[in-house]
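> Turn this into a model:
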Amino acid sequence: MLKEFKEFIMTGNVIDFAIAVILAGAVGLVVNGFVNDIIMPIVGHFAGGIDFGSMAYELSPAETMEDGTVKPANAIRYGAWINTIISLIIVGWVLFMMAKAKVRFMGAAPDPDPTPDQTLLGEIRDLLKK
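Residues are numbered from 1 along each chain as shown. This is a model prediction of the structure:
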């Protein structure tokens, strides 16, 4: 069982997947930093200086309890949700542009050859059409 696990882990697909996950995390940090630190201040500026992250609808105000603890306000933070939607659109755009650049520089991936089963099914389909 240990030998099978070692063979499974050492296959190219698992290692490639692990590398892709690590790189995706790093790219995610870069893109999120770009969105939060560069794009969102620009969007806020053109929206009249609004900080979307602080926008909320307060359902109940913050209270100071008798024992001195503070009960925080209960609020619907729709501004954070707006930030998330804008971030999603920008991240999607960046990923789209990266995919277009990959196709431009590396070319489209060739179609894989059909498996024997697919070839047989295609022949059967062609015979049925006749």
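
> longest helix of this structure?
helix 78-106 (DSSP state H).

> Pull the distance from stretch 9-25 to the chain's centre.
17 Å (CA atoms, centre = their mean, to the nearest Å).

> Just the C-alpha atoms of that stretch, please, in CSV.
The C-alpha coordinates for stretch 9-25 follow below in CSV (Å, rounded to 0.1, in the frame of the first residue of the first chain):
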residue,chain,number,x,y,z
ILE,A,9,2.3,10.9,-5.4
MET,A,10,5.2,10.7,-7.8
THR,A,11,3.1,10.8,-10.9
GLY,A,12,3.4,13.9,-13.0
ASN,A,13,-0.2,14.8,-12.7
VAL,A,14,-0.1,15.1,-8.9
ILE,A,15,3.1,17.1,-8.8
ASP,A,16,1.8,19.4,-11.6
PHE,A,17,-1.4,19.9,-9.7
ALA,A,18,0.4,20.8,-6.5
ILE,A,19,2.6,23.3,-8.4
ALA,A,20,-0.5,24.8,-10.0
VAL,A,21,-2.2,25.2,-6.6
ILE,A,22,0.8,26.9,-5.1
LEU,A,23,1.1,29.3,-8.1
ALA,A,24,-2.6,30.0,-8.0
GLY,A,25,-2.3,31.1,-4.4
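
> So what touches that stretch?
Applying CB atoms under 8 Å, 6 or more residues apart in numbering, the external contacts of stretch 9-25 come out as Phe8. From N, CA and C alone the C-beta is placed, and that goes for glycine too.
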